[in-house]
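S.K.: sequence and predicted structure below; questions after.
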Amino acid sequence: MEQPHHPLEELFRQLGLPAEAAAIDRFIATHAPLAADVALADAPFWTPAQATFLREEILEDADWAEIVDHLNAALR
C-alpha cells in the first residue's frame, strides 16, 4: 500500500503557517541554515505544538515523515 504524499504547502498548513510558495521560501530563507547538531523539532522557532508534531511524525515514520524530512533538508 502506498503512503499518502503530502506537499510542502500542506505541511505548512498543518503547522499553522502561511502556505503560499513565497511564504514558504521566506520561512526557509529566514531560518536556514539550521545548525547540524540541532534536530529539526528542537529548532527554537517552533511552538511546542509544532515541535511535538514534527518529532512524532519522524519517530513514528508516519504519513508526514517524508515531507518533514524534505523541510529538514531545506533548512540545512
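M.R.: All right, it came through fine. Numbers count the residues shown, from 1 in each chain.
S.K.: quick one, strands of this protein?
M.R.: Taking DSSP state E as the test, none of the chain falls into strands.
S.K.: any low-confidence regions in it?
M.R.: The chain contains residues with pLDDT under 70 at 1-4.
S.K.: the same query, at a cut-off of 90, please.
M.R.: Scanning the chain for pLDDT under 90 picks out 1-6, 61-63.
S.K.: now the helices for it?
M.R.: Applying DSSP state H to the chain gives helices spanning 8-14, 21-31, 48-59, 65-74.
S.K.: rebuild these as TSV, extending it with mean neighbour count.
M.R.: All C-beta atoms are positioned from the backbone trio N, CA, C, and that covers glycine. Formatted as TSV, the helices of the chain follow (neighbours: other C-beta atoms under 10 Å):
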stretch	mean neighbour count
helix 8-14	17
helix 21-31	12
helix 48-59	15
helix 65-74	16
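S.K.: quick one: these as JSON lines, columns for distance to V38 too.
M.R.: Below are the helices of the chain laid out as JSON lines (distance: least, C-beta to C-beta, whole Å):
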{"stretch": "helix 8-14", "distance to V38": "19"}
{"stretch": "helix 21-31", "distance to V38": "11"}
{"stretch": "helix 48-59", "distance to V38": "12"}
{"stretch": "helix 65-74", "distance to V38": "10"}
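S.K.: I'd guessed H5 sits against W64; true?
M.R.: No - judged on C-beta atoms under 8 Å, H5 makes no contact with W64 at a distance of 10.3 Å.
S.K.: can you pick out the residue with more neighbours from these two?
M.R.: A count of neighbours by other C-beta atoms under 10 Å puts W64 above the other of H5 and W64, at 22 against 9.
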